[in-house]
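Student: fold the stuff below for me.
(4 chains)
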Amino acid sequence: MSFAAGLFYVMAALAVVTALGMVLNLRNTVAGAMCLVVTMISLAVIYVVLDAHFVAVLQIMVYAGAILVLFLFVVMLLNLRSDAFTPSRATAPKVVGAAVGVAVLAAFLAKLPDALPKVAEIPADFGSYRQVGLALYRDYVVPFEVASFLLLAAVVGAVVLAKRRLS
Amino acid sequence: MDLWTVVRALFIILVVVAAFAPVITWVERKQSAVMQDRIGANRADIGGITVLGLLHPLADVLKLITKEDFVPAGANRFLHALAPIIAAIPAIIGFAVIPYGATYQFPGHEPFTLVGADLDWGLLYIFAIGSLATYGSVLAGWASNSNWGMLGSLRASAQMISYEVTMGLSVVGVFMVYQTLELTDMAVAQDSTFHLFGFLETFGLVKTLPGWLSFAQLPFWGVFVQPLAFVMFLTCIMAENKRPPFDAPEGESEIVAGYFMEYSGMRFGLFYMSEFIEIVVIAGLLTALFFGGWSIPYLSKDELIAGMTPVMGVGLATALTMVAHVATFLLKVVIMIWLQMQIRWTLPRFRYDQIMDLCWKIILPLSLVNIFVTGAVILLVKGAP
Amino acid sequence: MVTSTSLVNPSVLAPFGVVATGSLVVLLLEVLVGKRQSFLGRPVTREFVGTLLSGVSSIFLFIALIVAAQFFATMPGRIVFDPAHPMVAMDRLTAFATILVCIGSIFTCWLASTYLDELRIHHGEFYALLLLASSGMVLLVQSVDLVTLFMGIELMSIPIYALAGFARRDLRSNESALKYFLVGSFTSAILLYGMALLYGATGSTDFVQIRQAFDASNLLAIAGLGLLVVGFAFKVAAVPFHQWAPDVYEGAPTAVTSYMAVAVKVSAFVALLRIAIQAFGPMDARLSDLFWVLSAASIVVGNVMAVIQENVKRMLAYSSIANAGYILIGLAVGTEEAYAAVLFFLLVYLFMNVGAFAVVITLATGGKDRDRYEDYAGLSRTRPTLAALLTLFVVAQAGLPGTGGFIAKFILFSAALKQGFVWLPVIAILGSAVSFYYYLRLPVLMYTRDPEGAAPRMETSTGEGLVLCTCAVAVLLLGLFPAAGPGFLSHFRALEWVRETVALLG
Amino acid sequence: MVVPLEHVIGLSAILFTIGTVGALTRRNLVVILMSIELMLNAVNLSLVGFSRAFGEVDGHVFVLMVITVAAAEVAVGLGIVISLFRNRDSVNVEDVSLLKW
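Tutor: Numbering: from 1, shown residues only, chains lettered A, B, ... in the order given. Modelled structure (predicted):
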């Protein structure tokens, strides 16, 4: 097994463990958020292994560096200490739900290998910021422009909802 | 990309940069002393030898190591211990992609580049690493179960996220000029000169540049072609480092010491050290982006090697050039460190709302204007792609 | 892979561009006018700013409507943004849906300006968010690529999350926004996973190429299609993915509720229609079965639950679930005639639903909605015109002959029967019979009981009057002359338009 | 490709399931939001995997769009949480019971 493949499996295991840590951690929201940060970073490493360098950097910059900091910011702003949360009461339906989820997942995974496409050869600069940038600005210029309006909507929406006094 | 290269480079950088940091604390003390007409650090001695106070960093480290390592009651012990490490690591590994020399080829050898890791998204790497640095300060305040610490964390997270945005936008003009995100390529591109009045020719105001004007040449450095970007980037990156005048998250006259208030001993030392390491990284980054990196003004690498080759042969000429480049780079870095110190000891702390206004209401629009103007100029000079 | 951009048709984006530009203008205008003492010779008050922004927004929406109508009248086939990477297309379906979305948004603008004053939440951002959401809808109905489809859905949803929580001091509005947001973003993730699996199965995000490469025996393709449909079922609140709708509809400001109930549903259904036709071609049997189940469940649950509601907004929420069920019949049947019936249903649904909500809005006063059944007792004495109009709108929703609701249901059910679907129309007709009870409860209350409690608002603003009149006229017109009427009404051929729209899809 | 595609897509499916179960069973608003983020990340992983398999960067562009949307959603979502919290001292979904869930 090559170094990169080994890295993939290590990071995959880390991602699953921390994701479970985020979901199963019932007491501490900040610890949950930190688990998710580790998930994001390990996914970024996996992206590098999959030759998606630009996406990997953005994953760290935006997800780990900005979105989750925002989560932490809000958790701290609202001063959500661990005792602010009561552990959920009814557990039976949740266990059943989780079991159903696992069953569906298992069925999906069992049939997965036959359904997948063949893996193609890739050019040397695959996933570089140049190649992704060209695709973004030429083929996908419409969604790119729409994204700017989307962000505007988010800015206006967040201000409307969270600002103390509107004019 | 060879992942081992990165790992190796990170190790080298860890050792080198970590060794530099204590020296810079000394520089800072001396600099402030000079500006305030004091003598500055001069007491620590070993057998009466003070060496200009250079022993102070050593004493500091000894003091920090031997101090009580205090964890406040109600703190989250794990995150409290983790936070300083998270703060220090991004600072240390940031230097990996900054080139400290060009690509050299000795006869009979493979060409090599003097840089920790030659990534084709070098600058993005720094941004990504820098965006992780936020966690250190955010977690520190939260984990120590202290209201002052929490206030500091809130301020730090808001300030750092905000300035990350403008920091990225402010250097887009530089990418556009050099057409690359790779710091090594950027340094190579800056290893040349341009005619200060070349625009007269471009816009057809004169047919050919008259001789007396064509002597006016400047190095093709970021600071000359993107001066606005330089000022904005310097502001943003200093705000990212949370040092005065942007030290509202620490603000000792308002919120005691902010996010690292409940830290002592070497854990405090790590926060302290990461700030100083960041100074070095920032200096290196500014050098690479705006001051030509390793390049010597008016004397490009090829000219230098070609000029010396007849005298001493290719091998020695290349080696000398390499030494000269590394020395130039270090000199520039030192100047940039001095610049940061100068700013830190000149300006008073901004109020928190002023910091935010500066980011969103001044730098953000200006950086967008800069991008548009740069784009328009490039379009005029080079024509549509 | 990377192609030249010389062949693009930017005109395809014209309606989207107009609406999106409108949002920028409104945002700037609010800032510029809000700071001044007087503007255009009038003192700047909050009401004035609101009216001004409402007017400006409806002008932009109206321009977009005209542009879309122009496309609808002259467009022979379909043009796409960039032939190599279509992304968005303009054809009759797009134009038709854009017109509906614009009408719905204009109605919302007109209704909002007084209503927001009554609720004391009149901020200019409302109109900017409304226009942004509308631009998302316009993009959604013209998407022919999964990426633009996703961006359209999000550009539509994100402003609406904020709009639902626009009454910031009202806990019910907060919670409505929260629930809509949680369900909406969960849905987005589901939809997105479906899209990713479809991309994996077919190697493309373009509808036409997905259709060419679609292999119904492939696990990824089937899972992706299923998740996509589930995501849309959430968006249109089809049973069993409907639990959020009543709460969200009840808590949101009523102007936003009517917008959600109408514009969101219209654009989501048109997008689903386009996916069903263009990306999956001749209706896959499994897809049809899926729609069958969703449709039957929505009709049954929507109608039964509506009976036991005590709040008019909640009742209308369940009735809109039931209406989603009727519309899904058309998708399950999957013939050209059925699709045309779906479009006609959407057209009628727009007017009768906005009309009903407009009455609720017109009654709101003193910072509160009057949305409980008791509030409507004896309304025929206090506000006789409103009582008559509300009667018309609920009677139309129930599907009594003479109204647009009857024609819409009639052609939908007959299209289903023609295709051999027997049980669905039977369920739907039984459901409609149940719906008589809860719809007609309102007229009974209004005409047989004495007024009780606080008096309703006594004056109707111009905007509200316009909306009510338009809706009433449209509901009657579509009911009496669905094909072509006498005199100048002969230009008004709704049935023919929807048939042409569908015929050109292919 | 250094690892088989089914391992990448499998990992993505596992993460998506964890996120879904978390979003449906947890009652803490911020954790629900984070679970939804995890679901989006799982989607991104499969997009990157498929993109690598096809040798086209379409998937990468899609991922960029998803990241943008995720940022926008989080901004609005946390705004809603803040406005709710101002009116009521809780971020537990079960306490949000004015309207029945």
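
Student: how about the secondary structure of C:R169?
Tutor: coil (DSSP: H, G, I helix; E, B strand; the rest coil).

Student: list the contacts for it?
Tutor: C:R169 sits next to D:N87 when contact means C-beta atoms under 8 Å, 6 or more residues apart in numbering or on different chains. Yep, even glycine has a C-beta here, placed from its N, CA and C like the rest.

Student: ok, now B:A140?
Tutor: By C-beta under 8 Å, 6+ apart, the residues touching B:A140 are B:H80, B:A83, B:P84, B:A87, B:G149, B:S153, B:Y259, B:F260, B:Y263, B:F271.

Student: just give the nearest non-adjacent residue to it, would you?
Tutor: Ranked by C-beta to C-beta, 6 or more residues apart in numbering or on different chains and with sequence neighbours excluded, the top spatial neighbour of B:A140 is B:A83, at 3.9 Å.

Student: tell me the pLDDT of C:F16.
Tutor: At C:F16, the model reports a pLDDT of 93.

Student: count of neighbours near it?
Tutor: Using other C-beta atoms under 10 Å in any protein chain shown, the number of residues around C:F16 comes to 29.

Student: give me the distance between it and chain D.
Tutor: Per C-beta to the nearest C-beta, to the nearest Å, C:F16 is found 16 Å from chain D.

Student: and what of A:A12?
Tutor: Separation of A:A12 from chain D (C-beta to the nearest C-beta) stands at 5 Å.

Student: how much space between that residue and chain B?
Tutor: Distance from A:A12 to chain B, counting by C-beta to the nearest C-beta: 16 Å.

Student: hang on, isn't that residue packed against A:V45?
Tutor: No. Applying C-beta atoms under 8 Å as the test, A:A12 and A:V45 come out as separate, 9.7 Å apart.

Student: quick one, which of those two is more surrounded?
Tutor: Neighbours were counted for A:A12 and for A:V45 using other C-beta under 10 Å; A:A12 has more, 24 against 21.

Student: pLDDT score for that one?
Tutor: pLDDT at A:A12 comes out at 92.

Student: sorry, back to before: just the closest of the contacts of B:A140 to chain D, please.
Tutor: Closest to chain D out of those is B:S153 (16.3 Å), distances taken as C-beta to the nearest C-beta.

Student: just the helices in the stretch 151-300 of chain B please.
Tutor: Listed in chain order, the helices of the stretch 151-300 of chain B (DSSP state H, counting those that start in this stretch) span residues B:172-178, B:183-190, B:198-202, B:211-214, B:222-225, B:227-240, B:252-255, B:265-290.

Student: before we move on, the earlier item: tell me how far the helix or strand hosting the residue nearest to B:A140 lies from the chain's centre.
Tutor: B:A83 belongs to helix B:77-93 when assigned by DSSP states H and E. From the chain centre to the centre of helix B:77-93 is a distance of 20 Å (C-alpha atoms, centre = their mean, to the nearest Å).

Student: and the next helix or strand past it?
Tutor: Per DSSP H and E, helix B:77-93 leads on to strand B:103-104 as the next helix or strand towards the C-terminus.

Student: give me the sheet partners of that next one and which way each runs.
Tutor: According to DSSP bridges, strand B:103-104 has the following sheet partners: strand B:112-113 (antiparallel).

Student: the residue in the stretch 51-200 of chain B that chain C sits nearest to: neighbour count?
Tutor: Here the stretch 51-200 of chain B gets closest to chain C at one residue, B:Q179, 17.2 Å apart by C-beta to the nearest C-beta. By other C-beta under 10 Å, the residues close to B:Q179 number 12.

Student: check contacts around it.
Tutor: B:A189.

Student: quick one: the residue nearest to B:A140 from C:S380, how far?
Tutor: B:A83 sits at a distance of 69 Å from C:S380 (criterion: C-beta to C-beta, to the nearest Å).

Student: so between these two, which is more surrounded?
Tutor: Neighbour count, other C-beta under 10 Å: between B:A83 and C:S380, B:A83 has more, with 28 against 21.

Student: so the residue nearest to the spatial centre of chain A: helix, strand or coil?
Tutor: Taking C-alpha atoms, centre = their mean as the criterion, A:M40 is the residue nearest the geometric centre of chain A, at 5.6 Å. Following three-state DSSP, A:M40 is assigned to helix.

Student: surely it and D:N41 touch.
Tutor: Yes. Between A:M40 and D:N41 there is a contact at 6.6 Å, judged by C-beta under 8 Å.

Student: what's the overlap in contacts for the two?
Tutor: A:Y63.

Student: the helix holding B:A83 - contacts with which helices or strands?
Tutor: For helix B:77-93, the elements it packs on are helix A:29-49, helix B:3-35, helix B:122-132, helix B:134-143, helix B:265-290, judged by 3 or more C-beta pairs under 8 Å, 6 or more residues apart in numbering or on different chains; DSSP states H and E.

Student: how many neighbours does the residue of the stretch 301-450 of chain C found nearest chain B have?
Tutor: Nearest residue of the stretch 301-450 of chain C to chain B: C:G367, at 32.8 Å (C-beta to the nearest C-beta). Look at C:G367: counted by other C-beta under 10 Å, it has 13 neighbours.

Student: surely it and C:R120 touch.
Tutor: Yes. Counting by C-beta under 8 Å, C:G367 does reach C:R120; the two are 5.6 Å apart.

Student: I'd like the distance between whichever residue of chain A sits closest to chain C and C:L139.
Tutor: Among the residues of chain A, A:G157 lies closest to chain C, at 3.1 Å counting by C-beta to the nearest C-beta. Distance from A:G157 to C:L139, counting by C-beta to C-beta: 17 Å.

Student: hmm, the strand or helix carrying B:I371 in reach of chain C?
Tutor: In this structure, B:I371 sits in helix B:364-382 according to DSSP H and E. No. Helix B:364-382 does not reach chain C (C-beta under 8 Å from any C-beta of the partner chain); its nearest approach is 14.1 Å.

Student: what comes up buried for the host helix or strand of A:L152?
Tutor: Using DSSP H and E, A:L152 maps to helix A:141-162. If you call a residue buried by 16 or more other C-beta atoms under 10 Å in any protein chain shown, then helix A:141-162 has these buried ones: A:141-144, A:146-147, A:149-154, A:156-158, A:160-162.

Student: select the longest helix from chain B.
Tutor: helix B:301-346 (DSSP state H).
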